[in-house]
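Novice: Sequence and predicted structure are below.
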Amino acid sequence: MHIRFTKMQGAGNDFVVLDETQGRLGLSPAQYRFLADRHFGVGADQILSVRPAPAEGIDFEYVIHNADGGEVEQCGNGARCFARYVHDKGLTSKTTIRVQTLAGVIAPELAADGRVRVDMGRPELQAERVPFDASGLEPRRQGQAQTWSLALDASGPWITPVSMGNPHAVLLVADVDTAPVATWGPQIEQHPRFPQRVNAGFLQIVSRGEVRLRVYERGAGETLACGTGACAAVVAGIRLGLLDSQVQVHTRGGLLSIAWAGADDDAVFMTGPATFVFDGQIELPEVP
Ligand SMILES: N[C@H](CCC[C@H](N)C(=O)O)C(=O)O
């Protein structure tokens, strides 16, 4: 099957974007994996499929597949690239776009300075709804947060579970550059207490308004940035009593600005870049 695609990136988190507004391509998980493959395919952390509005009052649907071929609920950097894509490709003239995701409706807004601001909805802080299985574990309270040890070694890690529609486990580290992302990342991602697996966020507090973050993503491995991960990390930091409500998040791929007023039903707002890289075409193998 011969398909057209657009390559985009948001703070270095990169995507293959597929226009399915005129009909679905019907790709298999193996074909999503092929598109994401950095040697045999195009190469991307996630594949974003843009589909027609599913209901009145919604402009589009946006479907996300990780590099491992699995469909997931939400992608923050992807939401910004989605909005840039549908506007600049002429699929809408709106600059605030209401889009249905598996996690619910979000509203990316194209800002005058070229960045994109997204109302990412409210975080889910109930551990069992992240979902995280805390049964039999003694939580440790810090500020308003509860943390649990995953007992990977004597030091922990002690994690704060947060969902942004997709599951995140946030842990504090002294220095992201020396944090055990390569070893603890996959162990946390696959930990049995996360029945849907999890994105692991390694958070370094620089000040009450500035952090550094690395994320080992579910289904993709470490990425240069994770939008929902930045939201979850700031929510965790605020709940831990370590951050104020507006935070600059330094990721390896760029800067994201996150704001959360701190009440359970407050939405998290994320602002950051969304960039076209190239348009292309590729012959997809007819894999099952
Ligand atoms: N790996 C994530 C999906 C992509 C999230 C990330 N790329 C973002 O910008 O939020 C998950 O499995 O939940």
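Specialist: Yep, that arrived. As the structure is a computational prediction, the values presented were derived from the model and not from experiment.

Novice: Can you name the residues that contact Ala236?
Specialist: Neighbouring residues of Ala236 by Cβ atoms under 8 Å, 6 or more residues apart in numbering: Ala145, Thr160, Val162, His168, Val170, Gly201, Leu203. Placement of C-beta: from N, CA and C, glycine included.

Novice: now do Val206
Specialist: Val206 touches Arg212, His250, counting by Cβ under 8 Å, 6+ apart.

Novice: which among the contacts of Ala236 gets closest to the ligand?
Specialist: His168 (7.8 Å; Cβ to the nearest ligand atom).

Novice: how about the residues of the stretch 51-200 of the chain near the ligand?
Specialist: Within the stretch 51-200 of the chain, the positions adjacent to the ligand are Asn66, Val72, Cys75, Gly76, Asn77, Gly78, Asn166, Asn199 by Cβ under 6 Å from any ligand atom.

Novice: Quick one: which of the contacts of Ala236 is the most crowded by neighbours?
Specialist: Gly201 (33 neighbours; other Cβ atoms under 10 Å).

Novice: Please verify my assumption that Val170 contacts Thr160.
Specialist: Yes - applying Cβ atoms under 8 Å as the test, Val170 and Thr160 come out as touching, 4.7 Å apart.

Novice: In helices only, show me the residues of the stretch 51-200 of the chain next to the ligand.
Specialist: Counting by DSSP state H, these place Gly76, Asn77, Gly78 in helices.

Novice: pull the CA atoms of stretch 189-208 into PDB?
Specialist: Extracted as PDB, the C-alpha positions of stretch 189-208 are listed here (Å, rounded to 0.1, in the frame of the first residue of the first chain):
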ATOM      1  CA  GLU A 189       7.300   0.900  32.300                       C
ATOM      2  CA  GLN A 190       6.700  -2.800  32.600                       C
ATOM      3  CA  HIS A 191       6.200  -2.900  36.400                       C
ATOM      4  CA  PRO A 192       3.300  -5.300  37.300                       C
ATOM      5  CA  ARG A 193       1.700  -2.700  39.500                       C
ATOM      6  CA  PHE A 194       0.900  -0.700  36.400                       C
ATOM      7  CA  PRO A 195      -1.600  -3.000  34.600                       C
ATOM      8  CA  GLN A 196      -1.600  -0.800  31.500                       C
ATOM      9  CA  ARG A 197       2.200  -0.200  31.700                       C
ATOM     10  CA  VAL A 198       3.300   3.400  32.400                       C
ATOM     11  CA  ASN A 199       5.400   6.400  31.200                       C
ATOM     12  CA  ALA A 200       8.300   7.000  33.700                       C
ATOM     13  CA  GLY A 201       9.100  10.600  34.400                       C
ATOM     14  CA  PHE A 202      12.500  11.500  36.000                       C
ATOM     15  CA  LEU A 203      12.000  15.000  37.500                       C
ATOM     16  CA  GLN A 204      14.800  17.300  38.700                       C
ATOM     17  CA  ILE A 205      13.600  20.400  40.600                       C
ATOM     18  CA  VAL A 206      15.700  23.500  39.600                       C
ATOM     19  CA  SER A 207      13.500  26.000  41.400                       C
ATOM     20  CA  ARG A 208       9.800  26.400  42.300                       C
END
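
Novice: same question for it, mean pLDDT?
Specialist: The predicted model gives stretch 189-208 an average pLDDT of 98.

Novice: What residues of it count as buried?
Specialist: By 16 or more other Cβ atoms under 10 Å, the buried positions in stretch 189-208 come out as 189, 191, 193-194, 197-205.

Novice: anything in stretch 235-244 near the ligand?
Specialist: No - between stretch 235-244 and the ligand, judged by Cβ under 6 Å from any ligand atom, nothing touches; the nearest distance is 13.3 Å.

Novice: As PDB, could you dump the C-alpha coordinates of that stretch?
Specialist: C-alpha atoms of stretch 235-244 as PDB (Å, rounded to 0.1, in the frame of the first residue of the first chain):
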ATOM      1  CA  VAL A 235       1.200  18.200  38.800                       C
ATOM      2  CA  ALA A 236       3.300  15.700  40.900                       C
ATOM      3  CA  GLY A 237       5.800  18.500  41.800                       C
ATOM      4  CA  ILE A 238       3.000  20.800  42.900                       C
ATOM      5  CA  ARG A 239       1.300  18.100  44.900                       C
ATOM      6  CA  LEU A 240       4.600  17.300  46.500                       C
ATOM      7  CA  GLY A 241       4.800  20.900  47.600                       C
ATOM      8  CA  LEU A 242       7.900  21.600  45.500                       C
ATOM      9  CA  LEU A 243       6.500  23.700  42.600                       C
ATOM     10  CA  ASP A 244       4.400  26.800  42.100                       C
END
